[in-house]
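S.K.: Could you look at this predicted model? Sequence included:
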Amino acid sequence: MTTPLGPAGRIAAAFVHSKLTPLVILASLAMGVFSVLMLPREEEPQIQVPMVDVMVGMPGLSPVEIEQRLTKPLEKLLWEIPGVEYLYSTSMPGQALVIVRFKVGEDEGASIVKLNQKIAGNLDRMPPGAMQPLVKLRSIDDVPILALTLHSKRYGPFELRRIASQLEDQIKEAIDV
């Protein structure tokens, strides 16, 4: 005695007993192979993501003072540039660093020009004692692909730096191979 089939069972039975099923499978496989062969692809697609470091020094100030007097006003200014997608900032003793990342596909040259014009047009708003902003282009290739942290209860900072230096040399040799 067999139990009656539900809707899914009836569809499956129709495919199992149909003479068209092998043709449907072959057509699906052929379309898949055709798609794989015809789709364009690149091993290293060249995307443009303009990124710029803006460094401003002001010796003698603490990170809190740097943040209040340099970093926050600089961030507000740089957000006004068309095409800016993200800002990453760091306040250190005597120095502020703001990394400006433009939208994907923005023209690199035009982005740098806009940034330099914005900074140059607002130099009069810099606090007294601040150094001239240093603008440095950063490319997508500058982003590290590997970051390691060494820690040990047995070795001190000097030994860890020596081990890190040896490890760096070995990694560079492996990459060159």
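M.R.: Cool, got the structure.
S.K.: Next, the contact list for I112, please.
M.R.: Taking C-beta atoms under 8 Å, 6 or more residues apart in numbering as the criterion, I112 is in contact with 50, 52, 135, 137. Using the backbone N, CA and C atoms, a C-beta is placed for each residue, glycine as well.
S.K.: actually V54, sorry about that
M.R.: Contacts of V54 by C-beta under 8 Å, 6+ apart are 74, 78, 97-100, 115, 119, 133-135.
S.K.: any idea which of those has the most stuff around it?
M.R.: The most neighbours of any of the contacts of V54, using other C-beta atoms under 10 Å, belong to V100, which has 28 neighbours.
S.K.: Need the three-state assignment for it.
M.R.: Secondary structure state of V100, per DSSP: H, G, I helix; E, B strand; the rest coil, is strand.
S.K.: what helix or strand is the residue nearest to it when sequence neighbours are not counted on?
M.R.: Here the nearest residue to V100 in space, its sequence neighbours aside, is V52; by C-beta to C-beta, 6 or more residues apart in numbering that works out to 4.8 Å. Per DSSP states H and E, V52 falls inside strand 51-57.
S.K.: List the buried residues of the following helix or strand past that strand.
M.R.: Later in the chain than strand 51-57, the nearest helix or strand by DSSP H and E is helix 63-66. Buried residues in helix 63-66, counted by 16 or more other C-beta atoms under 10 Å: 65-66.
S.K.: per-residue confidence averaged over helix 63-66?
M.R.: Taken as a whole, helix 63-66 has a mean pLDDT of 92.
S.K.: next one: stretch 127-141
M.R.: pLDDT averaged over stretch 127-141 gives 86.
S.K.: Check stretch 100-109 too.
M.R.: 89.
S.K.: Now find how far off-centre the top helix by length along the chain is within its chain.
M.R.: Assignment by DSSP state H gives helix 157-176 as the longest helix of the chain. In terms of C-alpha atoms, centre = their mean, to the nearest Å, the centre of helix 157-176 is set 25 Å apart from its chain centre.
S.K.: With stretch 169-177 instead?
M.R.: The answer for stretch 169-177 is 24 Å, by C-alpha atoms, centre = their mean.
S.K.: what sits against the closest residue in space to L160 that isn't next to it in sequence?
M.R.: Residue nearest to L160 in three dimensions, not counting chain neighbours: L150, with 4.9 Å by C-beta to C-beta, 6+ apart. Listed by C-beta under 8 Å, 6+ apart, the contact partners of L150 are 160, 163-164, 167.
S.K.: Can you pull the phi and psi angles for Q132?
M.R.: Here is the backbone geometry of Q132 (degrees, to the nearest 10): phi -60, psi 130.
S.K.: For L97, see how far away it is.
M.R.: 15 Å (C-beta to C-beta, to the nearest Å).
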